[in-house]
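> With the input below, show me the fold.
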Amino acid sequence: MSLLLKGMAMGIAEVIPGVSGGTIAFITGIYEELINTIKSVLGPDWFVALRQKGFPAFWQTINGTFLLFLMAGMALGVVVGVLGVSHLLENYPVLLWSFFFGLIIASAWYIGKQVRRWGMDRVLGLVLAAALAYWITIASPSQGNSAYWFVFVSGMIAISALILPGISGSFILLLLGMYTLIIPSVKAALTGGDTQSLITLVVFAGGCVVGLATFSRVLSWTFKRYHDLTMAVLTGFMIGSLNKIWPWREVLSYRTDSSGHEVPFLERSVWPSNFPGDPMVLPAIGLMIAGILLVLVLDRYDAKK
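Alright, predicted model coming up:
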């Protein structure tokens with residue numbers, strides 16, 4: 001049941017642009033297990049286990065029970081996110097972003113606490129990662145490219161960002177200029193069976209599989225060989241991404257989504273006093289504190305466990 005709820009939280013996070021499911025995985029204490037499970041599923045070990053020792057060995061190799069409950073929770077979370085969180089994001093964005101801002105602040109502290117010994121290399125890794133993540137949040141989107149090789153590479157990059165705490169895969173697609181190509185292609189392939197869109201979707205999915213298989217192995221290796229440095233870098237990513245989820249933002253331009261609605265495209269962070277609307281400062285601060293307290297409660301539960 002606990003794993004189902006964690007998966008549900010990850011699914012909800014993926015619906016919200018700028019919030020990474022990897023962040024939620026870290027907060028809930030399943031990040032390393034998730035990375036290793038992805039590595040097992042996308043590697044050859046499960047095939048060898050199935051062929052030589054049968055289904056029980058295969059199930060154990062892919063960490064089947066963990067994967068089943070997590071994926072079921074994520075699917076449920078996506079549904080809840082689309083129906084509920086999207087409504088909150090549209091009608092109460094300041095309050096929702098305030099909660100996530102507090103959540104990410106406390107999460108950065110939580111991840112940084114996993115560094116057993118701080119040194120110059122760890123501090124440098126944190127600073128560089130924070131600078132990179134911040135640059136990503138303010139970078140201007142490119143024009144994109146419909147060539148299949150670029151669609152494939154975009155899939156690799158987006159899915160890699162998806163499992164990094166603090167970096168949203170959908171936001172990376174926006175920066176690459178591919179969001180307005182991939183999302184309509186998904187819709188056209190699923191609803192109309194358009195051949196061109198289907199090919200684009202298959203190429204993109206292939207890039208996602210290759211990126212996930214490669215990046216999960218890289219992360220698994222760095223966790224084993226350079227645990228403290230990896231944690232410091234991930235902490236930096238979390239800190240640098242705070243600009244993206246700052247509650248008070250001014251919309252600079254809009255884009256049209258796959259449903260034909262105008263949604264924010266380029267935004268910049270502003271102080272509450274300069275926010276073009278009701279800043280709701282006191283409720284926002286209250287929800288920031290709630291987000292921080294949630295992580296502290298989870299940390300205390302994890303310590304007891």
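
> so what's Asn274 up against?
Residues in contact with Asn274, defined by C-beta atoms under 8 Å, 6 or more residues apart in numbering, are Trp248, Glu250. Quick note: C-beta positions are derived from backbone N, CA and C, even for glycine.

> repeat for Trp97
By C-beta under 8 Å, 6+ apart, the neighbours of Trp97 are Ile245, Trp246, Pro247, Arg249.

> which of those residues has the weakest pLDDT?
Lowest pLDDT within the contacts of Trp97 is found at Ile245 (81).

> so how far is Leu103 from that residue?
Separation of Ile245 from Leu103 (C-beta to C-beta, to the nearest Å) stands at 9 Å.

> would you list every one of the strands in this protein?
249-256, 262-269 (DSSP state E).

> Mind giving me the packing neighbours of the first one?
To tie it back to what came earlier, the one meant is strand 249-256. strand 262-269 (3 or more C-beta pairs under 8 Å, 6 or more residues apart in numbering; DSSP states H and E).

> average pLDDT across the strand it packs on?
Mean predicted lDDT for strand 262-269 stands at 73.

> what about Val41, how many neighbours?
17 (other C-beta atoms under 10 Å).

> pretty sure it contacts Leu67?
Yes - with contact defined as C-beta atoms under 8 Å, Val41 reaches Leu67; the gap is 7.0 Å.

> among the contacts of Trp97, who's most crowded?
Ile245 (26 neighbours).

> For the stretch 1-150 of the chain, which segments count as helices?
Assigned by DSSP state H, counting those that start in this stretch, the stretch 1-150 of the chain shows helices spanning 2-15, 21-27, 31-41, 45-53, 55-61, 64-80, 86-91, 93-112, 120-138, 148-162.

> Out of these, which is the most enclosed?
Of the helices of the stretch 1-150 of the chain, the one with the most neighbours on average (mean count of other C-beta atoms under 10 Å) is helix 21-27, at a mean of 26.

> and that helix, what other elements does it pack with?
Applying 3+ C-beta pairs under 8 Å, 6+ apart, we find helix 21-27 packed against helix 2-15, helix 31-41, helix 93-112.

> Please produce JSON lines containing the ones you listed, extended by mean pLDDT and distance to Val78.
Shown next, in JSON lines, are the helices and strands packed on helix 21-27 (pLDDT from 0 to 100; distance: least, C-beta to C-beta, whole Å):
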{"stretch": "helix 2-15", "mean pLDDT": "78", "distance to Val78": "4"}
{"stretch": "helix 31-41", "mean pLDDT": "82", "distance to Val78": "17"}
{"stretch": "helix 93-112", "mean pLDDT": "85", "distance to Val78": "17"}
